[in-house]
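A.B. asks: Here is a sequence together with a model predicted from it:
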Amino acid sequence: MRGSVYALSVPSFWLAMMLILMGAVLTGCFPPGGRGATVSILGASWSLFTLDGLRHLVLPALALALPNIALIARLTRSGTIEVESLDFIRFCRAKGLSGRRILLSHTLPNISVPIVTIIGLQFGGTLAFAVVVETIFAWPGVGKLLIDSVQLLDRPVIMATLTFVAAAFVTLNALIDLFQALLDPRIGLSN
């Protein structure tokens, strides 16, 4: 669990630079930045569908995913410890249910609502940190577009980018609320 505390504590820009140092400079396994080879599909250039593009995607994806994975792991661990000490779990053990069945049928449904909430909120945080990570890795994305627009004082592009990010965040939160109602019947959709 020390690794998750470390991953949570490290700023995204420093993590991105350390991934470049370890993955690109010292080992040479991955390219340090850029987009890689692209292929044209429906008039748009996609690097996701080429092997070189996937190699270029590994380090930025790790820089964005590691802190989120650490937070979810810590939340899952603390929720599991809390639920495992409750009476109904002890009753399930006394009944002779297997540990796997207790975990899948009783523990996970009880800790799923806060985990789903944090996952939804982390998507918003990922959009915010993508600005920094895309700039460090020279990845042509929405974050880099925003930084370039701020430097050029291109107000319409800044407003459009921020509107897109806000709409994505609101949509994700609405979907998370609907998903929570499916996970926990006590949460009503009528409110």
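C.D. replies: Thanks, I have the structure now.
A.B. asks: switch to C-alpha atoms for all contacts and neighbour counts from now on
C.D. replies: OK.
A.B. asks: Any stretches of the chain with poor pLDDT?
C.D. replies: Counting by pLDDT under 70, the chain shows low-confidence ranges at 1, 185, 188-191.
A.B. asks: What are the boundaries of the strands in it?
C.D. replies: 39-41, 44-46 (DSSP state E).
A.B. asks: Would you format those strands as a markdown table with mean neighbour count and distance to residue 4 included?
C.D. replies: Shown next, in a markdown table, are the strands of the chain (neighbours: other Cα atoms under 10 Å; distance: least, Cα to Cα, whole Å):
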| stretch | mean neighbour count | distance to residue 4 |
| --- | --- | --- |
| strand 39-41 | 11 | 37 |
| strand 44-46 | 12 | 33 |
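A.B. asks: can you give me the end-to-end distance of stretch 144-163?
C.D. replies: 15 Å (Cα to Cα, to the nearest Å).
A.B. asks: chain center to it, what's the gap?
C.D. replies: Relative to its chain's centre, stretch 144-163 lies at 23 Å (Cα atoms, centre = their mean, to the nearest Å).
A.B. asks: Identify the residues contacting it?
C.D. replies: Residues from elsewhere that reach stretch 144-163, judged by Cα atoms under 8 Å, 6 or more residues apart in numbering: 131-132, 134-135, 138, 142.
A.B. asks: Tell me which of the strands of the chain approaches residue 88 most closely.
C.D. replies: strand 44-46 (50.9 Å; Cα to Cα).
A.B. asks: can you map out the helices along the chain?
C.D. replies: Remark: helices assigned in the chain by DSSP state H are 2-9, 12-20, 51-84, 87-95, 99-102, 108-137, 142-152, 155-183.
A.B. asks: picking that back up, in CSV, list the strands of the chain along with distance to residue 179.
C.D. replies: Output for the strands of the chain, formatted as CSV (distance: least, Cα to Cα, whole Å):
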stretch, distance to residue 179
strand 39-41, 33
strand 44-46, 31
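A.B. asks: Can you check which of those gets nearest to residue 31?
C.D. replies: strand 44-46 (17.3 Å).
A.B. asks: Residues touching that closest one, excluding its own?
C.D. replies: Residues outside strand 44-46 that contact it (Cα under 8 Å, 6+ apart) are 38-40.
A.B. asks: Which member of these is positioned nearest residue 125?
C.D. replies: Ranked by distance to residue 125 (Cα to Cα), the contacts of strand 44-46 are led by residue 38 at 27.7 Å.
A.B. asks: Now for the closest one, how many residues are close by?
C.D. replies: If you count neighbours by other Cα atoms under 10 Å, residue 38 ends up with 16.
A.B. asks: same thing with residue 113?
C.D. replies: Around residue 113 there are 19 residues (other Cα under 10 Å).
A.B. asks: Thanks again, I'm all set now.
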